[in-house]
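Kindly return the folded structure for what I paste below:
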Amino acid sequence: MTTPINATSWTYSEEFVAEDDVLATARARAEEVGVVPISPGGGAALRFLASVLDARAVVEIGTGTGVSGLWMLRGMRADGVLTTVDIEAEHQRLAREGYSEAGVASQRVRTIAGAALDVLPRLTDGHYDLVFCDGDKREYAAYLAEALRLLRPGGVVAFDNALWHDRVADPSRRDEETVAIRELNRSVAEHDSLLSVLLPVGDGLLAAKKVWTPETD
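Numbering: from 1, shown residues only. Next up, the predicted model:
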(Lines give C-alpha, C1' and ligand atoms only; values in the text may rest on other atoms or scores of the structure.)
Protein backbone atom coordinates (compact mmCIF):
# COMPACT_ATOMS: atom_id res chain seq x y z
CA MET A 1 0.00 0.00 0.00
CA THR A 2 1.19 3.50 -0.77
CA THR A 3 0.99 6.30 1.76
CA PRO A 4 -2.47 7.89 1.73
CA ILE A 5 -2.66 11.17 -0.15
CA ASN A 6 -2.25 14.25 2.02
CA ALA A 7 -4.42 17.35 1.94
CA THR A 8 -1.95 19.35 -0.12
CA SER A 9 -1.77 16.73 -2.87
CA TRP A 10 -5.54 16.27 -2.83
CA THR A 11 -6.04 20.01 -3.30
CA TYR A 12 -3.43 20.05 -6.06
CA SER A 13 -5.24 17.28 -7.93
CA GLU A 14 -8.66 18.90 -7.41
CA GLU A 15 -7.39 22.16 -8.89
CA PHE A 16 -5.32 20.55 -11.66
CA VAL A 17 -7.94 21.44 -14.27
CA ALA A 18 -8.88 25.03 -13.49
CA GLU A 19 -12.45 26.31 -13.62
CA ASP A 20 -13.23 29.48 -15.56
CA ASP A 21 -15.49 32.41 -14.70
CA VAL A 22 -18.60 30.70 -16.08
CA LEU A 23 -18.17 27.73 -13.74
CA ALA A 24 -17.26 30.04 -10.85
CA THR A 25 -20.51 31.93 -11.39
CA ALA A 26 -22.49 28.69 -11.53
CA ARG A 27 -20.89 27.66 -8.22
CA ALA A 28 -21.81 31.02 -6.69
CA ARG A 29 -25.43 30.48 -7.74
CA ALA A 30 -25.33 27.03 -6.15
CA GLU A 31 -24.16 28.48 -2.85
CA GLU A 32 -26.92 31.09 -2.96
CA VAL A 33 -29.67 28.45 -3.25
CA GLY A 34 -28.06 25.84 -0.99
CA VAL A 35 -27.01 23.38 -3.69
CA VAL A 36 -23.74 21.44 -3.33
CA PRO A 37 -22.33 20.87 -6.84
CA ILE A 38 -19.72 18.36 -7.90
CA SER A 39 -16.14 19.34 -7.05
CA PRO A 40 -13.75 20.68 -9.70
CA GLY A 41 -11.89 17.37 -9.74
CA GLY A 42 -15.12 15.44 -10.13
CA GLY A 43 -16.23 17.80 -12.87
CA ALA A 44 -12.97 17.33 -14.73
CA ALA A 45 -13.42 13.56 -14.46
CA LEU A 46 -16.92 13.84 -15.95
CA ARG A 47 -15.62 15.96 -18.81
CA PHE A 48 -12.94 13.35 -19.44
CA LEU A 49 -15.49 10.51 -19.46
CA ALA A 50 -17.77 12.40 -21.86
CA SER A 51 -14.82 13.05 -24.16
CA VAL A 52 -13.52 9.47 -24.11
CA LEU A 53 -17.02 8.21 -24.85
CA ASP A 54 -17.40 10.79 -27.65
CA ALA A 55 -20.74 11.30 -25.96
CA ARG A 56 -23.67 12.43 -28.07
CA ALA A 57 -26.45 11.75 -25.55
CA VAL A 58 -26.08 12.21 -21.79
CA VAL A 59 -28.57 12.00 -18.92
CA GLU A 60 -28.01 13.94 -15.72
CA ILE A 61 -30.01 13.33 -12.54
CA GLY A 62 -29.74 16.47 -10.45
CA THR A 63 -29.30 19.61 -12.55
CA GLY A 64 -28.45 21.88 -9.65
CA THR A 65 -27.27 25.21 -11.03
CA GLY A 66 -25.50 23.63 -13.98
CA VAL A 67 -21.96 23.02 -12.73
CA SER A 68 -21.77 19.32 -13.62
CA GLY A 69 -23.74 19.90 -16.81
CA LEU A 70 -21.26 22.53 -17.98
CA TRP A 71 -18.38 20.16 -17.34
CA MET A 72 -20.01 17.33 -19.31
CA LEU A 73 -21.06 19.57 -22.20
CA ARG A 74 -17.44 20.60 -22.61
CA GLY A 75 -16.44 16.97 -23.10
CA MET A 76 -19.34 15.93 -25.34
CA ARG A 77 -19.50 16.08 -29.12
CA ALA A 78 -20.34 19.46 -30.61
CA ASP A 79 -23.77 18.08 -31.56
CA GLY A 80 -24.28 16.28 -28.26
CA VAL A 81 -27.45 16.77 -26.19
CA LEU A 82 -27.62 16.83 -22.39
CA THR A 83 -30.93 15.74 -20.86
CA THR A 84 -30.95 16.99 -17.29
CA VAL A 85 -33.59 16.26 -14.65
CA ASP A 86 -34.25 18.09 -11.40
CA ILE A 87 -37.25 18.42 -9.13
CA GLU A 88 -36.52 22.14 -8.66
CA ALA A 89 -37.52 24.19 -11.71
CA GLU A 90 -35.90 27.30 -10.24
CA HIS A 91 -32.53 25.54 -10.06
CA GLN A 92 -32.90 24.63 -13.71
CA ARG A 93 -33.63 28.25 -14.58
CA LEU A 94 -30.34 29.22 -12.95
CA ALA A 95 -28.58 26.39 -14.78
CA ARG A 96 -29.88 27.66 -18.11
CA GLU A 97 -28.32 31.04 -17.33
CA GLY A 98 -24.97 29.29 -16.98
CA TYR A 99 -25.39 27.35 -20.21
CA SER A 100 -26.21 30.60 -22.01
CA GLU A 101 -23.18 32.35 -20.50
CA ALA A 102 -21.02 29.47 -21.72
CA GLY A 103 -22.34 29.88 -25.26
CA VAL A 104 -24.11 26.51 -25.27
CA ALA A 105 -26.81 26.39 -27.95
CA SER A 106 -30.28 25.98 -26.45
CA GLN A 107 -30.97 22.85 -28.52
CA ARG A 108 -28.05 21.09 -26.83
CA VAL A 109 -29.74 21.02 -23.41
CA ARG A 110 -33.09 19.50 -22.56
CA THR A 111 -34.17 20.41 -19.03
CA ILE A 112 -36.96 18.35 -17.50
CA ALA A 113 -38.45 19.44 -14.17
CA GLY A 114 -39.72 16.50 -12.16
CA ALA A 115 -38.83 13.61 -9.90
CA ALA A 116 -36.12 11.46 -11.46
CA LEU A 117 -37.95 8.17 -11.00
CA ASP A 118 -40.99 9.63 -12.77
CA VAL A 119 -38.95 11.02 -15.68
CA LEU A 120 -36.36 8.31 -16.34
CA PRO A 121 -38.82 5.57 -17.38
CA ARG A 122 -39.96 7.85 -20.22
CA LEU A 123 -36.46 8.04 -21.75
CA THR A 124 -35.34 5.78 -24.60
CA ASP A 125 -33.73 2.40 -23.89
CA GLY A 126 -30.10 1.94 -24.97
CA HIS A 127 -29.81 5.49 -26.30
CA TYR A 128 -27.37 7.17 -23.92
CA ASP A 129 -23.58 7.21 -23.67
CA LEU A 130 -23.33 8.54 -20.12
CA VAL A 131 -25.70 8.73 -17.16
CA PHE A 132 -24.60 10.92 -14.25
CA CYS A 133 -26.43 10.58 -10.93
CA ASP A 134 -26.37 13.27 -8.26
CA GLY A 135 -29.90 13.20 -6.91
CA ASP A 136 -31.52 11.67 -3.83
CA LYS A 137 -28.92 9.30 -2.38
CA ARG A 138 -31.65 6.99 -1.09
CA GLU A 139 -32.71 6.41 -4.71
CA TYR A 140 -29.26 5.54 -6.04
CA ALA A 141 -30.06 1.84 -6.44
CA ALA A 142 -33.14 2.73 -8.50
CA TYR A 143 -31.06 5.13 -10.61
CA LEU A 144 -28.64 2.30 -11.33
CA ALA A 145 -31.46 0.07 -12.57
CA GLU A 146 -32.69 2.84 -14.87
CA ALA A 147 -29.17 3.61 -16.09
CA LEU A 148 -28.57 0.01 -17.11
CA ARG A 149 -31.65 0.24 -19.29
CA LEU A 150 -30.81 3.66 -20.72
CA LEU A 151 -27.14 3.06 -21.54
CA ARG A 152 -25.87 1.69 -24.81
CA PRO A 153 -23.34 -1.17 -24.55
CA GLY A 154 -20.05 0.46 -23.57
CA GLY A 155 -21.82 3.41 -21.96
CA VAL A 156 -20.92 4.64 -18.48
CA VAL A 157 -22.93 5.39 -15.35
CA ALA A 158 -21.38 7.67 -12.72
CA PHE A 159 -22.45 8.55 -9.18
CA ASP A 160 -21.31 11.56 -7.17
CA ASN A 161 -20.84 11.41 -3.37
CA ALA A 162 -19.76 7.78 -3.48
CA LEU A 163 -17.72 8.33 -0.30
CA TRP A 164 -20.42 10.51 1.31
CA HIS A 165 -18.34 12.74 3.56
CA ASP A 166 -16.11 9.83 4.68
CA ARG A 167 -19.11 7.97 6.11
CA VAL A 168 -19.31 5.10 3.61
CA ALA A 169 -15.95 3.66 4.68
CA ASP A 170 -16.96 3.78 8.35
CA PRO A 171 -19.12 0.69 9.11
CA SER A 172 -20.46 2.32 12.27
CA ARG A 173 -22.33 4.87 10.15
CA ARG A 174 -25.80 3.46 9.59
CA ASP A 175 -27.93 6.43 8.51
CA GLU A 176 -30.21 5.83 5.54
CA GLU A 177 -28.21 7.75 2.94
CA THR A 178 -24.86 6.25 3.94
CA VAL A 179 -26.25 2.72 3.88
CA ALA A 180 -27.85 3.33 0.48
CA ILE A 181 -24.57 4.53 -1.04
CA ARG A 182 -22.56 1.74 0.61
CA GLU A 183 -24.98 -0.85 -0.82
CA LEU A 184 -24.84 0.80 -4.24
CA ASN A 185 -21.04 0.65 -4.25
CA ARG A 186 -21.15 -3.03 -3.35
CA SER A 187 -23.78 -3.76 -5.99
CA VAL A 188 -21.80 -2.01 -8.72
CA ALA A 189 -18.54 -3.73 -7.74
CA GLU A 190 -20.19 -7.15 -7.83
CA HIS A 191 -22.31 -6.63 -10.96
CA ASP A 192 -21.43 -9.05 -13.76
CA SER A 193 -22.23 -6.53 -16.49
CA LEU A 194 -20.30 -3.57 -15.07
CA LEU A 195 -16.60 -2.68 -15.07
CA SER A 196 -16.19 -0.24 -12.20
CA VAL A 197 -13.81 2.21 -10.57
CA LEU A 198 -14.16 4.36 -7.46
CA LEU A 199 -12.25 7.62 -7.84
CA PRO A 200 -11.35 9.59 -4.69
CA VAL A 201 -12.07 12.96 -6.30
CA GLY A 202 -14.31 15.44 -4.53
CA ASP A 203 -16.64 13.40 -2.34
CA GLY A 204 -15.99 10.25 -4.38
CA LEU A 205 -17.00 9.49 -7.97
CA LEU A 206 -18.12 5.94 -8.72
CA ALA A 207 -18.05 5.10 -12.43
CA ALA A 208 -18.95 1.88 -14.21
CA LYS A 209 -18.93 0.83 -17.85
CA LYS A 210 -21.78 -1.27 -19.17
CA VAL A 211 -19.91 -4.25 -20.58
CA TRP A 212 -20.92 -5.33 -24.05
CA THR A 213 -21.85 -9.00 -24.21
CA PRO A 214 -22.24 -10.61 -27.66
CA GLU A 215 -25.63 -12.15 -28.24
CA THR A 216 -25.59 -15.92 -28.52
CA ASP A 217 -28.04 -18.17 -30.27
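
any idea which element the most centrally placed residue in the chain lies in?
Centroid-nearest residue in the chain: F132, 3.0 Å away (criterion: C-alpha atoms, centre = their mean). Element membership for F132, per DSSP states H and E: strand 128-133.

Remind me what that strand packs against, helices and strands.
Contacts defined by 3 or more C-beta pairs under 8 Å, 6 or more residues apart in numbering; DSSP states H and E place strand 128-133 against helix 40-52, strand 57-61, helix 67-75, helix 140-150, strand 151-160. Where C-beta positions appear, they are placed from N, C-alpha and C, glycine not excepted.

Would you reformat the ones you listed as CSV and include mean pLDDT and mean neighbour count?
What follows is the helices and strands packed on strand 128-133, written out as CSV (pLDDT from 0 to 100; neighbours: other C-beta atoms under 10 Å):
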stretch, mean pLDDT, mean neighbour count
helix 40-52, 98, 21
strand 57-61, 98, 26
helix 67-75, 98, 26
helix 140-150, 98, 20
strand 151-160, 98, 22
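
any chance of the ones you listed in TSV, plus distance to A95?
Below are the helices and strands packed on strand 128-133 laid out as TSV (distance: least, C-beta to C-beta, whole Å):
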stretch	distance to A95
helix 40-52	14
strand 57-61	10
helix 67-75	6
helix 140-150	19
strand 151-160	16
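
nearest to D192, of these?
helix 140-150 (11.4 Å; C-beta to C-beta).

How confident was the prediction at D217?
D217 is assigned 42 on the pLDDT scale.

For the chain, which segments are assigned as strands?
57-61, 81-86, 109-113, 128-133, 151-160, 194-199, 205-210 (DSSP state E).

what's the offset of stretch 86-93 from the middle of its chain?
17 Å (C-alpha atoms, centre = their mean, to the nearest Å).

likewise stretch 15-23?
17 Å.

Helix or strand with the lowest mean pLDDT in the protein?
helix 7-14 (a mean of 92; mean pLDDT, DSSP states H and E).

Need the contact partners of it.
Helix 7-14 is contacted by residues 5, 39-41, 200-202 when judged by C-beta atoms under 8 Å, 6 or more residues apart in numbering.

next one: it to chain centre, how far?
21 Å.

and the angle from that helix to helix 40-52?
Computed with axes from the mean of the first three to the mean of the last three C-alpha atoms, to 10 degrees, the direction of helix 7-14 lies at 40 degrees from that of helix 40-52.

From A207, how far out is the residue nearest to the centre of the chain?
9 Å (C-beta to C-beta, to the nearest Å).
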